[in-house]
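Chemist: just need the structure, nothing else, for what follows:
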Amino acid sequence: MTHTPADDLAGIPGPAGSAHPGPRAGGPGAGPRVAVLGYGAIGRVVARELLAGAVHGATLVCVVNRSPVPDPPVPQLSLTEAIEIADVVVECAGSAALLEAIQPVLSAGLDLVVSSVAGLLHPRLAGRLDTLGPGRLRCTHGALGGLDLLASAAAVGGLDRAVLRTTKKPIALIQPWMDEQEARRVRGAGEDVLVFAGPPAEAARLFPQSLNVAAALSLAVGDPDVVRVELHADPAADLTTHRIEASGPQGSYVFEVQNRPSPDNPRTSAVVPYSILRTLSGLTARPPLIA
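Modeler: Numbers count the residues shown, from 1 in each chain. Have a look, this model is predicted:
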């Protein structure tokens, strides 16, 4: 089954012949019941906005988190318990949590909104995404723009190349696997320095919190072999910059976005929770006219 990325980067149904059972919320026209998986910098904002009515008809019914949440705004449940009462699980917990959740959530017929798109490039899921279901997988575009256009161009003759250059402050790019010499090189950068260059799967593996955008671009384009990722550390980078240059038979494309980092987690952009909410709104009875 071929991926056909659309408004929210990728909509992946269950296996051929299976039908999504639809929302389990009560009553005609009732909105989806939402469980938020992960209650960190992203999940807290998503939960807060859902409680404030940011997504028409959607109801936050629980949160799922590895550690206890002090004074949670809704019940904190296990994933198994959440699956029993929700229609949609919104993943805000990282690639490891996504790998644990994807099979049980989709097998139960729930929709899964993914923010940790890097997890979808993990070898454990290689060649399996189109076989999961009957629930639907929806990937948010996160901090990146232009993916719908690139996906459309890729569907008509493919792309010859797509280069993503991401620039962040050095502190956001230090990783546990770095030896002291590499960590010191990045941390002490006095100007723009190249931290990584390579394919999207390797980028997602080495920088899972910083390069979900690389995985999103790879899935949108549909051919990871044409995608190259460059990650730069720049002490002057008050904003996180993502620049895409792509070309193919349909034309040439250049996109650049500059996002303010989350005040609670400099590895992610402050706009990411709202991108998740936008993707979730597409699963409601009243989706936005322009997603």
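Chemist: may I have the longest helix along the chain exported as PDB, CA atoms only?
Modeler: Looking only at the chain and at elements set by DSSP state H, the helix with the highest residue count is helix 95-107. The C-alpha atoms that make up helix 95-107 are tabulated as PDB, following Å, rounded to 0.1, in the frame of the first residue of the first chain:
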ATOM      1  CA  SER A  95       9.900   7.600  20.100                       C
ATOM      2  CA  ALA A  96      10.300   4.900  22.700                       C
ATOM      3  CA  ALA A  97       6.700   5.400  23.900                       C
ATOM      4  CA  LEU A  98       5.400   5.500  20.300                       C
ATOM      5  CA  LEU A  99       7.000   2.100  19.600                       C
ATOM      6  CA  GLU A 100       5.200   0.600  22.600                       C
ATOM      7  CA  ALA A 101       1.900   2.200  21.900                       C
ATOM      8  CA  ILE A 102       1.500   1.900  18.100                       C
ATOM      9  CA  GLN A 103       0.500  -1.700  17.900                       C
ATOM     10  CA  PRO A 104      -2.100  -1.900  20.800                       C
ATOM     11  CA  VAL A 105      -3.700   1.500  19.900                       C
ATOM     12  CA  LEU A 106      -4.100   0.800  16.200                       C
ATOM     13  CA  SER A 107      -5.100  -2.900  16.800                       C
END
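Chemist: show me what the next helix or strand after it is packed up against.
Modeler: Once the chain leaves helix 95-107, the next helix or strand it forms, by DSSP states H and E, is strand 111-114. Using 3 or more CB pairs under 8 Å, 6 or more residues apart in numbering; DSSP states H and E as the contact criterion, the neighbours of strand 111-114 among helices and strands are strand 88-91, helix 95-107, strand 137-139, helix 272-281. Where C-beta positions appear, they are placed from N, C-alpha and C, glycine not excepted.
Chemist: so which residues of the stretch 151-291 of the chain form strands?
Modeler: Secondary structure of the stretch 151-291 of the chain (DSSP state E, counting those that start in this stretch): strands at 161-168, 193-198, 227-233, 240-248, 251-259.
Chemist: among the ones you listed, which is nearest Pro75?
Modeler: Using CB to CB as the measure, strand 251-259 is the one of the strands of the stretch 151-291 of the chain that comes nearest Pro75, at 32.5 Å.
Chemist: which residues touch the spatially most central residue of the chain?
Modeler: With distances taken as CA atoms, centre = their mean, the chain has Ser115 as the residue nearest its mean C-alpha position (2.6 Å). Applying CB atoms under 8 Å, 6 or more residues apart in numbering to Ser115 gives the contacts Ile42, Val90, Glu91, Cys92, Thr140, Gly142, Asn212, Val272, Ser275, Ile276.
Chemist: Arg161 now?
Modeler: With CB under 8 Å, 6+ apart as the criterion, the residues that contact Arg161 are Val226, Arg228, Glu245, Ala246, Ser247, Gly248.
Chemist: if you set the cut-off to 6 Å instead, what comes out?
Modeler: By CB atoms under 6 Å, 6 or more residues apart in numbering, Arg161 lies in contact with Val226, Ser247.
Chemist: gap between it and Leu150?
Modeler: Between Arg161 and Leu150 the computed distance is 11 Å (CB to CB, to the nearest Å).
Chemist: where in this structure is pLDDT low?
Modeler: 1-30, 142, 264-269, 288-291 (pLDDT under 70).
Chemist: how is it divided into domains?
Modeler: Described in terms of automatic domain parsing, the domain architecture of the chain consists of the residue ranges 10-142+272-281, 147-259.
Chemist: in JSON lines, list the ones you listed along with distance to Pro287.
Modeler: What follows is the domains of the chain, written out as JSON lines (distance: least, CB to CB, whole Å):
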{"stretch": "domain 10-142+272-281", "distance to Pro287": "6"}
{"stretch": "domain 147-259", "distance to Pro287": "15"}
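Chemist: which of the helices and strands packed on strand 111-114 is buried the deepest?
Modeler: By mean neighbour count, with neighbours taken as mean count of other CB atoms under 10 Å, strand 88-91 ranks first of the helices and strands packed on strand 111-114 at a mean of 29.
Chemist: strand partners of that one, parallel vs antiparallel please.
Modeler: Paired neighbours of strand 88-91 in the sheet (DSSP bridges): strand 33-37 (parallel), strand 111-114 (parallel).
Chemist: export only the CA atoms of stretch 248-266, formatted as CSV.
Modeler: Included here for stretch 248-266 are C-alpha records, laid out as CSV according to Å, rounded to 0.1, in the frame of the first residue of the first chain:
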residue,chain,number,x,y,z
GLY,A,248,12.1,17.5,-9.3
PRO,A,249,10.3,17.3,-12.6
GLN,A,250,7.5,19.5,-11.3
GLY,A,251,9.7,22.4,-10.2
SER,A,252,12.1,23.7,-7.5
TYR,A,253,11.0,24.5,-4.0
VAL,A,254,12.6,26.5,-1.1
PHE,A,255,10.9,26.7,2.3
GLU,A,256,12.3,28.3,5.5
VAL,A,257,10.6,28.5,8.9
GLN,A,258,12.0,30.0,12.0
ASN,A,259,10.3,28.9,15.2
ARG,A,260,10.7,30.0,18.8
PRO,A,261,11.9,27.1,21.0
SER,A,262,9.7,25.8,23.7
PRO,A,263,10.6,27.5,27.0
ASP,A,264,10.3,24.1,28.8
ASN,A,265,12.3,22.1,26.2
PRO,A,266,14.7,23.8,23.8
